[in-house]
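Undergrad: Following is a predicted model, sequence given first.
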Amino acid sequence: MTSGFLAAISILTKPLNEASVRDAQSSHQEALLAVLQNNRSLLLQQLQSESSFEEVKKLREEVMSAAEWLSTDPEDATWGFVQECLLLLLALARHISNELKLFKLKSSSVAKNPTPEFAPPLPPDVLSVTQQKTLRAALQFVVSLGLCPYLASGVGVPLSCRSAFGAMVDKLVRGGAVSAGGRRLLTTTNVLLQLAELSSLATLVFTQHLGDVMAALCQLGYQPHRGERGGTEEEKMQELSAEERRTCREALKSLLGKVYQPIVIKQLLILQGGPRQSGAAGSSSGSGSRAALGSAPAWLRRLCGQLLSERLMQPNGVQAVVRAVLEGGTGGESDWRKCDGVARILVACPQQSTSADSYYRQVCPQILQLLHFKDKLAAQQFQLVATRAALSIVQEKPSFAHQYLLTPLLQPLHRCTTASNESRDLAAVEEWELTRCVEDVYKIWVVGNSPSASLLKALEEVLPVIFTLFCFTKQNVSHLRAPCQDIVLWYLSHTEASEALSALRQLSGLQGQKTEASDFYFTPGSDGGARFDSRENCSDEDDALYEKLSGEQWRLECLMHLLAELKDSDLPGDFFLELLQELTSWTAAADEVKNDEEELDVSTMTLLEVEQEVLGRAARQSLRLALLQVLAMMVESLQHNTLLRKPNQVVDFIVTLVQRACVGLDQVTEPSPENPIESQTLSMGIGLVATLLSGPELGAEDYSSMSRLLSPLETLSQNHSDVVVQQLASNLRAVIATHGAIRPEDLTAAAAQASRKPETTVKNTNVSSRRKQKIQTEGSDSVGNPEVVQAQEKVLMLFLENLEHEDSFIYLSAIQGLAALADSFPERILERLLEDFQQGPSLPTSDQERSLETRLKVGEVLMRASRAMGELAPHLGRPLVGVFLQGTRDSDQSVRASSLSNLGELCQKLDYALGPLAQELSLCLTALIKTEKEAEVRRAAVHVIALLLRGLSHKTTQVLSEVLLDLYRALKWVLRSDPDDVTVLHAQLALEELDVVMRRFIFPEQKLEKKIVVLP
């Protein structure tokens, strides 16, 4: 039985007792030697006398007869003890092998369909915890006494560095005869490898002693031959043969291929030893276990380097190296240094590689795989290693990085620009590909944050695609929005200013760009990402044009959002000034613009020339429109402190304005009232210059930057037709030229006078714009304005008149103004509005054909007024309730629906004042629900009940106690009988509100309160 073998091993490895210590008190080494001899003698005695050890004795003798390495009468007692351990371990392994064969034979004869209660038999190689502990002790004796002492200096970790007991054992064995050390090392190693052929014993051997076995095999197979270095005849006789050395090398190769690779790499790094040390300096340079290892022999360092390179270059070798170094880390500073160290290892091409090209072709894809780990514990460190390695390869080996790293990484984005319609059933780029690509770009470019020319160039090629993807995610809920935004912002922040401005021109459509394929577009993915799929051709030209224009508008809005995020950058201002300069250059080239607007004379032109001229005109006009659109969007969307955040940018802006005003002075002798833009531009520029010069003391740098205004100001002082402008331009030029030494009095007032003159030419140029401004201003400023209070009737008439206007901006402003008036003067205004809502518009100029539309607009005003009543709703809302109830009987369905909508908004505010009206309200709603033919009205009626329950909340059971059952039955009737799905949905929502109310009523919330009673 297995227990007999383990009992014999336990006798042999019995620990030191007190009697032995008293018998040998001279030294620890002598005491240990005495115990080893005593335990061996006791084992041999019991093997001869005890009948329970018969099987052990038999198998031991079989092993002895087959063991050529066995020494019958060894001079070294320690080696004799090791031999006895090896014999028992081999006997145990032979016994387990025999038992396993019998077990397999019995298992094959067992019924193939066992009952559920049948427990499978336990294999004989399964060992208990106590038995494993006994075997570990025996293996530790074998390795400590029969393997480690015979390793050469610097090979493996010395016993003296492991523990105090190890140091004692090392001295004990070193003191004996070691002339046959190589043979003994070979014997111990071969026995351990034989034991490892059984899986149960292999776990025990390699868990604790893998490094020692690898060190022994390295020494046995690769240590330079002693005969080559000289030695005694006896030493030469003990040398290993070439066949034995070859066998050891093959065993090492097989072992390294079977064991978990990160463990192998970790042991190889330990065998490679610490850094080379010279003299006393070596002892103080470095700390930790790495420095304690000492320096390994040169042959071992070369061998470990070669083996490590082979591990690295095999499939998944990069991952194995990273795991070997980082597994078990805590995420502290040392782990970050390890990550940098591993990254440097991956970048360096090993000498064993056939070529640098083959190395990076094999390693770079594995580096990219490190970015895709899902394990949260290891992902951060793996991604850090991958990021640092990728950035180092890009910096040190840019050609290999572009070919094997950046191109495969960015391939999904490149495919977006080269997609074709060959396979329309399949997406050009799947969601998982696009998501992984964007995340990888974010990790390397943004998180790595090490800008270089190669990285910026590679990202520039796919930047339009990333921006298009960002625009798509802004229209949807997607996890790709934030990384896309950060990637674009990172590029704009780290590239050169000229490159960033060129990229902005591309993204805004002002410059040709390589965008995604025209027949493809981004569509939402199933996991919150996006996929690049083919689109169906739009047959309607108008729809296609609308889609194109709306898409361009949306791209500009998204670009403005990105520019707004660059608050601490000069890029938005520089881009704005560049566009203004281009606009000024177009103004100067007025002849070209006129030629484009004139009719083309085709009499003397060929057909090809006509086509080229027409296309050229269209391209130039399109570019001008795009420029104006971008400028308008920037002015509308970005704040002034974002566009012009530095004084020099303000000066550049002023120079642009004044130069643009000077462009047409040679052609126009005076400001044109038909085109007042030049006058406005001039007044703005002069006012800004005067304000800057009238401010606090300016420095020499400020005057130097403003010196660019001298030439355009001189042009104004000489050529402008207005004497006031000439004089002011001359004064401003004098102040700038003399750096403030000459300063006319009241410079700002003169600028203000010049600025007021163009206002008269601009006044009344657009009646519709003035009307919109008036409506909006009066609507927003009516509350508290004394003039409006005194003339409320006129203001009311003005709003009612514009309520019928076709322009949505005007009538919406009128609605806002009427709501504000109703909030300020409720009695008078609400009475008039209720009258118009019931009977239609009452103005003499009203269009009766548009009466229904006006009534609905008045209904919108009443809804806003109801929302704004607040606590005054019980007082002011009673007349509105009556009118809205009457409106539910109107002949037009839109008025009925509007009345119900207003009724729901108002009832939410009435609270307890709704009690007397509850019965009438319930009858009206239930009748409409059951008898109304129009689905829109039924929806509104059910929605009123939902709003009513939501507004009353916990007061529902008190206010609606008499009608609550009727409302419940009406809602249930809708669920059972109403054919309209939307009405049913509203009923379900109302029943959910009712359910919440009743649950609170039946199961009130328990409050833990303490009551303090003061006794008399």
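TA: Noted; the coordinates are in hand. Residues are numbered from 1 along each chain as shown.

Undergrad: Could you pull out the strands in the protein for me?
TA: Along the chain, counting by DSSP state E, strands occupy 520-524, 530-534.

Undergrad: Would you mark the buried spots in the first one?
TA: Using 16 or more other CB atoms under 10 Å as the burial criterion, the residues of strand 520-524 that qualify are 520, 521, 522, 524. Using the backbone N, CA and C atoms, a C-beta is placed for each residue, glycine as well.

Undergrad: Sketch out the low-pLDDT regions of the stretch 201-350 of the chain for me.
TA: 226-238, 274-294, 328-335 (pLDDT under 70).

Undergrad: Now with 80, please.
TA: 225-239, 273-295, 327-336 (pLDDT under 80).

Undergrad: rewinding a little: of the strands of the chain, which is nearest residue 252?
TA: Taking CB to CB, strand 530-534 is the member of the strands of the chain nearest to residue 252, at 50.0 Å.

Undergrad: could I get the closest one in CSV with only the CA atoms?
TA: The C-alpha coordinates for strand 530-534 follow below in CSV (Å, rounded to 0.1, in the frame of the first residue of the first chain):
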residue,chain,number,x,y,z
ALA,A,530,-20.8,51.8,-34.2
ARG,A,531,-20.3,49.9,-37.4
PHE,A,532,-19.4,51.1,-40.9
ASP,A,533,-22.0,49.8,-43.3
SER,A,534,-23.1,50.4,-46.9
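
Undergrad: heads up, I number from 516, so please use that
TA: Okay, using 516 as the starting number, the last item reads as strand 1045-1049.

Undergrad: Just the residues contacting it, thanks.
TA: Residues from elsewhere that reach strand 1045-1049 (CB atoms under 8 Å, 6 or more residues apart in numbering): 930-931, 934, 936, 939, 942-946, 949-950, 984, 987-988, 993, 995, 1031, 1034-1040.

Undergrad: Kindly recompute the last result at 6 Å.
TA: Strand 1045-1049 is contacted from outside by 931, 939, 942-946, 949, 1034-1035, 1037-1038, 1040, using CB atoms under 6 Å, 6 or more residues apart in numbering.

Undergrad: returning to that earlier point: now, which of the buried residues of strand 1035-1039 sits nearest residue 600?
TA: Each of the buried residues of strand 1035-1039 was scored against residue 600 by CB to CB, and residue 1039 proved nearest at 68.8 Å.

Undergrad: Report the contact partners of the residue sitting nearest the centre point of the chain.
TA: Centroid-nearest residue in the chain: residue 998, 5.1 Å away (criterion: CA atoms, centre = their mean). Applying CB under 6 Å, 6+ apart, we find residue 998 in contact with 953, 957.

Undergrad: And for residue 986?
TA: 1070, 1073.

Undergrad: gap between it and residue 1051?
TA: Remark: distance between residue 986 and residue 1051 (CB to CB, to the nearest Å) = 21 Å.

Undergrad: next one: residue 1370
TA: As judged by CB to CB, residue 1370 and residue 1051 stand 43 Å apart.

Undergrad: more crowded one of those two?
TA: The residue with more neighbours, out of residue 1370 and residue 1051, is residue 1370; 21 against 7, by other CB atoms under 10 Å.

Undergrad: Let me have the contacts of strand 1045-1049 in a markdown table, extended by distance to residue 1405.
TA: Shown next, in a markdown table, are those (distance: CB to CB, whole Å):
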| residue | distance to residue 1405 |
| --- | --- |
| 931 | 56 |
| 939 | 53 |
| 942 | 53 |
| 943 | 55 |
| 944 | 56 |
| 945 | 56 |
| 946 | 52 |
| 949 | 54 |
| 1034 | 52 |
| 1035 | 52 |
| 1037 | 47 |
| 1038 | 45 |
| 1040 | 48 |
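
Undergrad: okay, the residues you listed in CSV with distance to residue 1222 and pLDDT next?
TA: Putting the contacts of strand 1045-1049 into CSV (distance: CB to CB, whole Å; pLDDT from 0 to 100) gives the following:
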residue, distance to residue 1222, pLDDT
931, 49, 87
939, 62, 53
942, 59, 68
943, 55, 78
944, 54, 87
945, 59, 90
946, 57, 90
949, 52, 93
1034, 54, 72
1035, 53, 80
1037, 50, 88
1038, 56, 89
1040, 57, 88
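
Undergrad: Now, of these, which are buried?
TA: 931, 942, 943, 944, 945, 946, 949, 1035, 1037, 1040.

Undergrad: check contacts around the last one.
TA: Pointing back at residue 1040 there. Taking CB under 6 Å, 6+ apart, we find residue 1040 in contact with 946, 1046.

Undergrad: Now do the nearest residue to residue 1428 once chain neighbours are set aside against residue 1422, distance only.
TA: Closest residue to residue 1428 apart from its sequence neighbours, by CB to CB, 6 or more residues apart in numbering: residue 1389 at 3.5 Å. Going from residue 1389 to residue 1422 by CB to CB gives 11 Å.

Undergrad: what about those two, which has more around it?
TA: Neighbours per residue (other CB under 10 Å) separate residue 1389 from residue 1422, with residue 1422 holding more: 26 against 14.

Undergrad: What's the separation between the residue nearest to the more buried one when sequence neighbours are not counted and residue 1397?
TA: Nearest non-adjacent residue to residue 1422, counting by CB to CB, 6+ apart: residue 1463, 5.1 Å away. Remark: distance between residue 1463 and residue 1397 (CB to CB) = 17 Å.

Undergrad: neighbour-wise, which of these two wins?
TA: Each of residue 1463 and residue 1397 has its neighbours counted (other CB under 10 Å); residue 1463 has more, 25 against 13.

Undergrad: Now do the same for the more buried one: its pLDDT.
TA: For residue 1463, the pLDDT comes out at 83.

Undergrad: before we move on, what about residue 1070?
TA: Listed pLDDT for residue 1070 reads 91.

Undergrad: what about it, neighbour count?
TA: If you count neighbours by other CB under 10 Å, residue 1070 ends up with 18.

Undergrad: just residue 1060 next, same as before
TA: Residue 1060 has 11 nearby residues by other CB under 10 Å.

Undergrad: Quick check: the spatially closest residue to residue 1312 that is not a sequence neighbour vs residue 1162, distance?
TA: Using CB to CB, 6+ apart and skipping the chain neighbours, the partner closest in space to residue 1312 is residue 1358 (7.4 Å). Distance check for residue 1358 against residue 1162: by CB to CB, it reads 55 Å.

Undergrad: Over to residue 1081?
TA: Distance from residue 1081 to residue 1162, by CB to CB: 19 Å.
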